[in-house]
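Enquirer: Sequence unavailable; structure follows:
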Ligand code: ADP
């Protein structure tokens, strides 16, 4: 389902007074929407052509700190502007905000109008174009998990995130009664997204107190990444409107299950599923086997794009449905890569490694880059693993920390060839900053362990 407003329809809605505000949104390195709120009349008169924003938006950490040492944006270069170019095929209504529409923007160089290479949307567009050049459309879906709390964002922040009350107090996996308790937020979210042109399939209670999952129908990879980002933002906004809060941290508490963002992937050729061969094992075509071989060969290298924060690595624990091993299996939730829909036209691979804190543009681009490399090199798929992979000594480990994942990304010839050296250096720098910020901070854990007893 494409975005639900054409530029012509937006103009009509603005003239009739139905829409008075247009949000122009870019995506930052953390996968957040940033931008401006336009008066709709100004947007349809001139804003639709382009607007501008400081280039530091692709060179800050989650705290908006001006991180030193980026080549592309720094004090020496004077932190100039990038062009925010509205992609007019993405205009949509925002039903949960009165009189409001939004549009996704690409980031362009102020002088040359070339796309900014390290912009997440540009990175994904380049890999999609690579797939298209080979004759494939990349179709993907991201599932999103998160926790809902009774208290507001402001209340929890002001009291230091201490006493948080999950909206449902028990493990409510698939629970219909339990998820009814969350319906004020979840129904508004499903219907709000649907009204924004985002085809919600369903939501469900998940495997720990207060945890929910929302599923959106698969689409081409760029549309999927846009929908993922808007869904995340919508969940926060709708929860906030009701005085509630929500978190997409990969792991918000030691004893709780983590929140994932599984990525379902298939390639299509001329409208037909290129991953399906009815006569092959599990219905998996040779193309699918090569693609998956690429995902697995480069699994370690691309972990950063699935787990970009210090906290992301705390999710990879045994026995809580998050994977610890980058191997493949059919319909087995202990494997990092699971084949779903075996022996049907819907046969696809689900990468289960990513957390809800991933940036979908970067994650989808890295998956595609690895899979396409598998196809380019006609890589042989390793044998399927069976049984409980958590305890398997042979299975390939997922890196244990952001530090390890950063080293692997930095050394990856495949990622450097696919994304470009400058782009990889940019993200390696961002990752190293995150590690060094964490290294200098004294945590509650250290205090509790050491204060009296060391
Ligand atoms: P699960 O058992 O993981 O919940 P679902 O049937 O709910 O599986 O599907 C999960 C996601 O996979 C949905 O978002 C769906 O749109 C998507 N999906 C279905 N078919 C395909 C496909 N061929 N390629 C990519 N994604 C797909």
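Expert: Sure, I can see it. Just so you know, these numbers come straight off a predicted model, no measurement behind them.
Enquirer: Which residue would be the closest one in the stretch 351-454 of the chain to the ligand?
Expert: residue 352 (9.2 Å; CB to the nearest ligand atom). Yep, even glycine has a C-beta here, placed from its N, CA and C like the rest.
Enquirer: I'd like to know how far that residue sits from residue 134.
Expert: According to CB to CB, to the nearest Å, residue 352 and residue 134 sit 26 Å apart.
Enquirer: neighbour count winner among the two?
Expert: Using other CB atoms under 10 Å, the more surrounded residue of residue 352 and residue 134 is residue 352, with 22 against 13.
Enquirer: how about the more buried one, what does it touch?
Expert: Going by CB atoms under 8 Å, 6 or more residues apart in numbering, residue 352 touches 260, 262, 322, 323, 333, 335, 336, 337, 338.
Enquirer: quick one: the helices in this structure?
Expert: 7-15, 40-42, 120-133, 153-158, 176-180, 183-195, 221-241, 286-297, 303-306, 360-376, 402-411, 413-419, 421-439, 444-450 (DSSP state H).
Enquirer: For the shortest one, name the packing helices and strands.
Expert: Counting contacts by 3 or more CB pairs under 8 Å, 6 or more residues apart in numbering; DSSP states H and E, helix 40-42 is packed against helix 7-15.
Enquirer: What residues of the helix it packs on count as buried?
Expert: 10, 11, 13, 14 (16 or more other CB atoms under 10 Å).
Enquirer: Please report how far the residue of the stretch 1-150 of the chain found nearest the ligand lies from residue 147.
Expert: Residue of the stretch 1-150 of the chain nearest the ligand, by CB to the nearest ligand atom: residue 141 (3.3 Å). Between residue 141 and residue 147 the distance is 21 Å, computed by CB to CB.
Enquirer: Nearest to residue 83 among the helices of the chain would be which one?
Expert: helix 120-133 (12.3 Å; CB to CB).
Enquirer: Next, the angle from that closest one to helix 360-376.
Expert: 30 degrees (axes from the mean of the first three to the mean of the last three CA atoms, to 10 degrees).
Enquirer: What are the contacting residues of helix 120-133?
Expert: With CB under 8 Å, 6+ apart, helix 120-133 has contacts from 26-29, 31, 104, 106-107, 115-117, 137-138, 220-222, 225, 267, 359, 361-362, 364-365, 368-369, 372, 418-419, 423.
Enquirer: quick one: is that helix near the ligand?
Expert: No - judged by CB under 6 Å from any ligand atom, helix 120-133 and the ligand are separated, with a smallest distance of 13.4 Å.
Enquirer: Flag every buried residue along that helix.
Expert: 120, 121, 122, 123, 124, 125, 126, 127, 128, 130, 131.
Enquirer: what's the answer for stretch 45-52, then?
Expert: Neighbour-count burial for stretch 45-52 [16+ other CB under 10 Å]: 47, 48, 50, 51.
Enquirer: With stretch 277-293 instead?
Expert: Buried residues in stretch 277-293 (16+ other CB under 10 Å): 277, 282, 283, 284, 285, 287, 288, 289, 290, 291, 292, 293.
Enquirer: and which of those is nearest to the ligand?
Expert: Nearest member of these to the ligand, counting by CB to the nearest ligand atom, is residue 288, at 10.7 Å.
Enquirer: Apart from its neighbours in sequence, what residue is nearest that closest one?
Expert: residue 275 (3.9 Å; CB to CB, 6 or more residues apart in numbering).
Enquirer: Over to residue 374?
Expert: residue 294 (2.1 Å).
Enquirer: ditto for residue 52
Expert: Nearest one to residue 52, counting by CB to CB, 6+ apart, is residue 81 at 4.4 Å.
Enquirer: what's the neighbour count on the one you found?
Expert: 12.
Enquirer: Out of the helices of the chain, which one sits most buried?
Expert: helix 303-306 (a mean of 28; mean count of other CB atoms under 10 Å).
Enquirer: Can you spell out which helices and strands pack onto that helix?
Expert: helix 360-376, helix 402-411, helix 421-439.
Enquirer: The second one: how far from the chain's middle?
Expert: What it means is helix 402-411. 19 Å (CA atoms, centre = their mean, to the nearest Å).
Enquirer: And the first one, by the same measure?
Expert: On the basis of CA atoms, centre = their mean, helix 360-376 sits 14 Å off its chain's mean C-alpha point.
Enquirer: average model confidence for that helix?
Expert: Here helix 360-376 scores 98 as its mean pLDDT.
Enquirer: Could you see whether the ligand lies near it?
Expert: No - legend: contact between helix 360-376 and the ligand by CB under 6 Å from any ligand atom is lacking; minimum distance shown is 11.2 Å.
Enquirer: what's the angle between that helix and helix 421-439?
Expert: Counting by the same axes, to 10 degrees, helix 360-376 lies at 130 degrees to helix 421-439.
Enquirer: tell me which strands and helices helix 360-376 is in contact with?
Expert: By 3+ CB pairs under 8 Å, 6+ apart, helix 360-376 packs against helix 120-133, strand 137-142, helix 221-241, strand 263-269, helix 286-297, helix 303-306, helix 413-419.
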